[in-house]
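Enquirer: Let me see the structure of the following:
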Amino acid sequence: MTGAKRDVDPLLTQVVRMSRLLHRLKTSLPSGTADRSANVLLLIVDRLGPLRVADLASSCHVDASTVSRQAADLVRAGLLRREADPLDGRASLMALTPSGREQVADMMRRRREFFQHVVSDWTAAELDTFLAQLTRFIDDIEHQVETVDPQHSKVDA
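Expert: Residues are numbered from 1 along each chain as shown. Purely as a prediction, here's the structure:
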């Protein structure tokens, strides 16, 4: 029954609960850098490859000046490096250093271990069903966000 009004209050309760838990998780588990939002930059550069600061800011849905400061901190920490943009030598791209790649691999390992533990007593069928429904849910949210705000539709990290 597409388009029918449904009581979404229980869904909203669980989404808020999950959001709070994920926030707690982000602040309680050891992470790659002291500035947790900078970890998002590392993850995006890992996924998309070297990017200009403006493109990185757009991918993060954050102001370019904020990303510029975070990127400079990550360069000083040896996790990102500036390299010439092959399409425009006047511009620079932010790229992962070997240490940055190690940092991302470690963050991903910790995330993977945590969620493997969370679903350790689930059957393969339960996990497959949950993943299919979660994927549909997230896709539908992205579609709705695209409708409301086309510039900020994809969530990359």
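
Enquirer: Okay, now the unreliable bits of this protein?
Expert: By pLDDT under 70, the low-scoring segments of the chain are 1-3, 28-35, 149-157.

Enquirer: What residues of the top strand by length along it count as buried?
Expert: The residue-count maximum for a strand in the chain (DSSP state E) belongs to strand 88-96. In terms of neighbour count (16 or more other Cβ atoms under 10 Å), strand 88-96 has its buried residues at 92-94, 96. (Each C-beta comes from the backbone N, C-alpha and C, glycine too.)

Enquirer: Which of these sits closest to residue 142?
Expert: residue 94 (25.1 Å; Cβ to Cβ).

Enquirer: ok, the closest one - contacts?
Expert: 41, 45, 50-53, 56, 71, 74-75, 80-82 (Cβ atoms under 8 Å, 6 or more residues apart in numbering).

Enquirer: Show me those that map onto strands.
Expert: Short answer: the contacts of residue 94 in strands (DSSP E) are 80-82.

Enquirer: coming back round to it: okay, the buried residues of strand 88-96 in a markdown table with distance to residue 148 next?
Expert: Output for the buried residues of strand 88-96, formatted as a markdown table (distance: Cβ to Cβ, whole Å):
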| residue | distance to residue 148 |
| --- | --- |
| 92 | 33 |
| 93 | 31 |
| 94 | 29 |
| 96 | 33 |
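
Enquirer: now the host helix or strand of residue 22: how far from the chain's centre is it?
Expert: Using DSSP states H and E, residue 22 sits in helix 9-28. Put simply, helix 9-28 sits 16 Å off its chain's centre (Cα atoms, centre = their mean, to the nearest Å).
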